[in-house]
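> 3D, please:
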Amino acid sequence: MDGNKMNLIDTNVIIRFLTADKTSKFEGVYKLFSRLEDGLEKVEIKPLVFFQCIFVLKSFYKLDREKIYYLLDAIVNLQGVYMEKKQIYLRTLEIFNNSNIEIMDSYLIACIEEKPETSLYSFDKDFDKFNVKRIEP
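Residues are numbered from 1 along each chain as shown. This is a model prediction of the structure:
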């Protein structure tokens, strides 16, 4: 495979790898992730795929926050994985793991941490526990 080409990756491929799906498709998935780990191939994880992975792991597979953090942090940090503003997604996972707030709220906090001058319109008082300037409209 061309080492400079970057493909997209779908949620079902990531989930199949993370759950070590024992179907005949797992061998190909395992080989793909081995190439990603070694940087021999590059894929981009789009934001909606990232969030859908968290949703599926939490709702369908009933994994706890710590396990989700561990699994997705490892995937996002693979040498062959690209995400625009990757640090925001890694920070989102940290916040999600270390607090009792939902993933989208974790993401908003990570975005505000990157640009602290930003305020957030929200009625959710949970944001007050973080360094977020919350405004009720």
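> Quick check: I103 vs E114, distance?
Plainly put, I103 is 17 Å away from E114 if you go by Cβ to Cβ, to the nearest Å. In short, each C-beta sits where N, CA and C put it, glycine included.
> same check, this time on V13
28 Å.
> Among those two, which residue is more densely surrounded?
Neighbour count, other Cβ atoms under 10 Å: between V13 and E114, V13 has more, with 17 against 12.
> Please, which helix or strand holds that one?
V13 belongs to helix 11-18 when assigned by DSSP states H and E.
> now that helix, how far from the chain's geometric center?
Computed by Cα atoms, centre = their mean, to the nearest Å, the chain-centroid distance of helix 11-18 equals 12 Å.
> now do stretch 80-93
Between the mean C-alpha location of stretch 80-93 and the chain-wide mean there is a distance of 7 Å, by Cα atoms, centre = their mean.
> Could you do stretch 32-52 as well?
The offset between the C-alpha centroid of stretch 32-52 and the centroid of the whole chain comes to 11 Å, using Cα atoms, centre = their mean.
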